[in-house]
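[1] Structure, please.
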Amino acid sequence: MRQIKFKELSLEAFKQYGSFANMLEPDGYCFEGPVSRFYRDCTQQYLGTGGQASFSLCQIWERPLVIDGGEYHNYCEEAILPLDGDILMYVGPATASEFPPLDEIEVFRVPKGTLVVVNPGVWHFLPFPFQCQKVNILCILPERTYMNDCYVKELEEDDRLEIVLD
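    Numbering: from 1, shown residues only. The predicted model follows:
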């Protein structure tokens, strides 16, 4: 039997075959906030006639379990994959309003390694780490969705919701 040795993955060695990104130790440009970092469009995947998927990393840190905003996308789904910890993720049904349907919001514990796909129009926002300090989340959207199809609403203090743990 013939033998072959493996190579370490590098951009130079792999470029003729495709692309890759280290999603647990990203580099490059990111949007940074007090409790999160969003490394946008780390790598892309061409989907033939279906367009192009872009893979981004969202790092979230422990914070009070208070839903203080929401976002939705009109023209695409968003895939969310917590890589190294469970998360609490809130969702609300799509509405014709520019305001999340507070009485219809539900919160789900999403185990690490579980891929969730959020339908167009569904309200959601930055998840919360569950029983850990930090979680790396893979987000899959069309490239530049954060600029082209992301509608964000900050909630007033009286409209915010506190997540209660049993």
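[2] Please spell out which residues along stretch 62-71 are buried.
    For stretch 62-71, the neighbour count (16 or more other CB atoms under 10 Å) marks 65, 67, 70-71 as buried. Just so you know, the C-beta spots here come from the backbone N, C-alpha and C atoms, and that holds for glycine as well.
[3] Residues contacting that stretch from elsewhere in the structure, which ones?
    Here stretch 62-71 makes contact (CB atoms under 8 Å, 6 or more residues apart in numbering) with 35, 88, 90, 92, 100, 105, 107, 123-126, 128-129, 132-134, 150-155, 160-165.
[4] Take those residues and keep only those in strands.
    If you go by DSSP state E, the contacts of stretch 62-71 have 88, 90, 92, 107, 123-124, 128-129, 134, 151-154, 161-162 in strands.
[5] Spatially, which two of those are the most separated?
    Based on CB to CB, the longest span within the ones in strands among the contacts of stretch 62-71 runs between Lys134 and Tyr151 and measures 27.1 Å.
[6] For burial, what's the neighbour tally of the closest residue to Tyr151 other than its chain neighbours?
    Closest residue to Tyr151 apart from its sequence neighbours, by CB to CB, 6 or more residues apart in numbering: Tyr72 at 5.5 Å. Using other CB atoms under 10 Å, Tyr72 is surrounded by 24 other residues.
[7] Against Ser97, how distant is Tyr72?
    As judged by CB to CB, to the nearest Å, Tyr72 and Ser97 stand 11 Å apart.
[8] cool, and Asp86?
    31 Å.
[9] helices or strands next to the lowest-mean-pLDDT helix or strand in the chain in the packing?
    Sorting the helices and strands of the chain by mean pLDDT, DSSP states H and E puts helix 11-14 at the bottom, at a mean of 84. Secondary-structure packing of helix 11-14 (3 or more CB pairs under 8 Å, 6 or more residues apart in numbering; DSSP states H and E): no helix or strand packs against it.
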